[in-house]
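> Structure for this input, please:
(one chain, ligands or ions: 1)
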Amino acid sequence: MENTKVTVIPNGPLMVEGTISVTKADGANEVKEQKSFLCRCGHSTNKPYCDGAHKKNNFVG
Ligand code: FES
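Got it, this is the predicted structure:
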């Protein structure tokens with residue numbers, strides 16, 4: 001994937017800008033374009049994506 005940029009959001013998810021192919025835990029695959037936010041805290045109910053749960057769980061990292 002060309003021109004893909006990953007930024008660590010302090011105390012939050014990874015922000016991925018660009019087109020990526022995501023293979024989920026169940027093996028399903030999807031292509032995400034533009035911006036994606038990937039959970040780093042482990043509390044999201046929509047893994048691998050961030051659902052904002054890091055805030056109420058006071059994730060630090
Ligand atoms: S980083 Fe946002 S829910 Fe985990």
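> For the protein, which segments count as strands?
5-8, 14-17, 20-23, 29-32, 35-38 (DSSP state E).
> Tell me the buried residues in the last one?
So that's strand 35-38. In terms of neighbour count (16 or more other CB atoms under 10 Å), strand 35-38 has its buried residues at Ser36, Phe37, Leu38. The C-beta positions use only the backbone N, C-alpha and C, and glycine is treated the same way.
> Let me see the contact set for Pro48.
If you count contacts by CB atoms under 8 Å, 6 or more residues apart in numbering, Pro48 has them with Val22, Lys24, Ala25, Leu38, Cys39.
> Neighbour-wise, give me the winner out of these.
Using other CB atoms under 10 Å as the neighbour test, the contacts of Pro48 are led by Cys39, with 21 neighbours.
> Any figure for the gap between Lys24 and Leu38?
According to CB to CB, to the nearest Å, Lys24 stands 11 Å off from Leu38.
> ok, back up a step: looking at the contacts of Pro48, which one is closest to Lys5?
Lowest distance from Lys5 to the contacts of Pro48 (CB to CB) belongs to Leu38, with 13.0 Å.
> On the pLDDT front, check the closest one for me.
Here the pLDDT value assigned to Leu38 is 98.
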